[in-house]
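K.L.:
structure for this input, please:
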Amino acid sequence: MNPYLSVVIPAYNEAANIRSGSLTAVHDYLCAQSYPYEIIVVDDGSTDETAALAEDFVAQRRNTRLIRNPHRGKAFTVTTGLRAATGQIVLFTDMDQATPIQETAKLLPWYERGYDVVVGSRGTYRRNAPLWRKFMSRSQILLRNLILGFKDVTDTQCGFKSFRGSAIGPILDHLHLYNFTKHAEVHGATVTAGFDVEVLFVAQRLGYRVKEVPVEWDYRHSRRVNLLRDSLRGVRELLEIRAADLRGAYQDPRIT
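P.N.:
Alright, predicted model coming up:
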């Protein structure tokens, strides 16, 4: 029997978080629920002990598995997990659990109301985040709305997103900028903000019902975010998504 909920956790050099109990916390919460579940950890070619620790974790627990990828960035890693998931509902969440797994309970009821994609949202508030991070987030919201006219979701970047399993294939197949087949190996940590935007943009273009739900979130310091580099990349990717849309790259063939 397929699980009701699949939880996908991308991991790149996350040994410290695994040692601190992040995976155990996810597992313990899901064990206490009434629905069947699976946990999929996708290692993004980590250079620390992430893969070894994750292997030990899955070896000792049921309904868990590890997928090991070459290092191709978070978008490729998340996509791998989403495609491998077998649940009716599939959630991806960050290893650091900045949004704790307990917030899943706020997302799941919306599927009973007919939604296809339900995403966690921090709104415009970033608790404990430094001023530069808050500025970066609000600037991105303004630019995204200006370039894409994308106003239905305030926070596209929260790492706590869920999908009806049947919607995942069509959404991923219609990605243009972050198409599964286009990624080569990369070097070092990467931030791929455009992936989250494109996924939600495509979901809406395909007619899926998208719901944004407020969730708890606490800032976790990350050396992977560079203000200037990632801001410029974010703007470039918004423009590329807009250009692809104008070319008809996201047109749903079912309605042509």
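
K.L.:
what are the ranges of the strands in this protein?
P.N.:
For the chain, the strands defined by DSSP state E occupy 5-11, 37-44, 64-69, 89-93, 117-121, 160-164, 210-214.

K.L.:
how about stretch 112-122 as CSV, C-alpha atoms only?
P.N.:
The C-alpha coordinates for stretch 112-122 follow below in CSV (Å, rounded to 0.1, in the frame of the first residue of the first chain):
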residue,chain,number,x,y,z
GLU,A,112,-9.7,17.7,1.5
ARG,A,113,-10.9,21.0,0.2
GLY,A,114,-9.7,20.3,-3.3
TYR,A,115,-6.3,22.0,-3.4
ASP,A,116,-3.5,20.4,-5.4
VAL,A,117,-0.4,22.3,-4.1
VAL,A,118,-0.3,23.6,-0.5
VAL,A,119,2.8,25.6,0.6
GLY,A,120,4.0,26.9,3.9
SER,A,121,4.4,30.7,4.2
ARG,A,122,6.4,33.0,6.4
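
K.L.:
surely Glu237 touches Val197?
P.N.:
Yes. Glu237 sits in contact with Val197 when judged by C-beta atoms under 8 Å, with a separation of 7.3 Å. From N, CA and C alone the C-beta is placed, and that goes for glycine too.

K.L.:
neighbour count for those two, which is higher?
P.N.:
Using other C-beta atoms under 10 Å as the criterion, Glu237 and Val197 rank with Val197 on top: 24 against 19.

K.L.:
look up how far Lys74 lies from Val153.
P.N.:
From Val153 across to Lys74, the span is 19 Å (C-beta to C-beta, to the nearest Å).

K.L.:
with Pro109 instead?
P.N.:
Pro109 is 28 Å from Lys74, by C-beta to C-beta.

K.L.:
show me which of these two is the more surrounded one.
P.N.:
Neighbour count, other C-beta under 10 Å: between Pro109 and Lys74, Lys74 has more, with 23 against 11.

K.L.:
tell me the pLDDT of the more buried one.
P.N.:
Looking at Lys74, its pLDDT reads 93.

K.L.:
okay, now the unreliable bits of the stretch 151-256 of the chain?
P.N.:
151, 180-192, 219-231, 252-256 (pLDDT under 70).

K.L.:
again, 50 this time
P.N.:
255-256 (pLDDT under 50).

K.L.:
cool, and the stretch 1-150 of the chain?
P.N.:
For the stretch 1-150 of the chain (pLDDT under 50), the answer is 132.

K.L.:
number of nearby residues for the spatially closest residue to Cys158 that is not a sequence neighbour?
P.N.:
Spatially, and ignoring its direct neighbours in sequence, Cys158 is nearest to Gly120 (4.7 Å; C-beta to C-beta, 6 or more residues apart in numbering). By the criterion of other C-beta under 10 Å, Gly120 has 23 neighbours.

K.L.:
which residues does Gly120 form beta bridges with?
P.N.:
Val213 (DSSP bridges).

K.L.:
and the longest helix anywhere in the chain, what does it pack onto?
P.N.:
Ranked by number of residues, the top helix in the chain under DSSP state H is helix 227-246. On a contact count with 3 or more C-beta pairs under 8 Å, 6 or more residues apart in numbering; DSSP states H and E, helix 227-246 meets helix 131-148, helix 193-205.

K.L.:
most tightly packed of these?
P.N.:
Among those, the stretch with the highest mean neighbour count (mean count of other C-beta atoms under 10 Å) is helix 193-205, at a mean of 22.

K.L.:
chain center to that helix, what's the gap?
P.N.:
11 Å (C-alpha atoms, centre = their mean, to the nearest Å).

K.L.:
list the contacts of Thr93.
P.N.:
Val7, Val8, Ile9, Val26, Thr99, Ile101, Gly159, Phe160 (C-beta atoms under 8 Å, 6 or more residues apart in numbering).

K.L.:
done for today, thanks.
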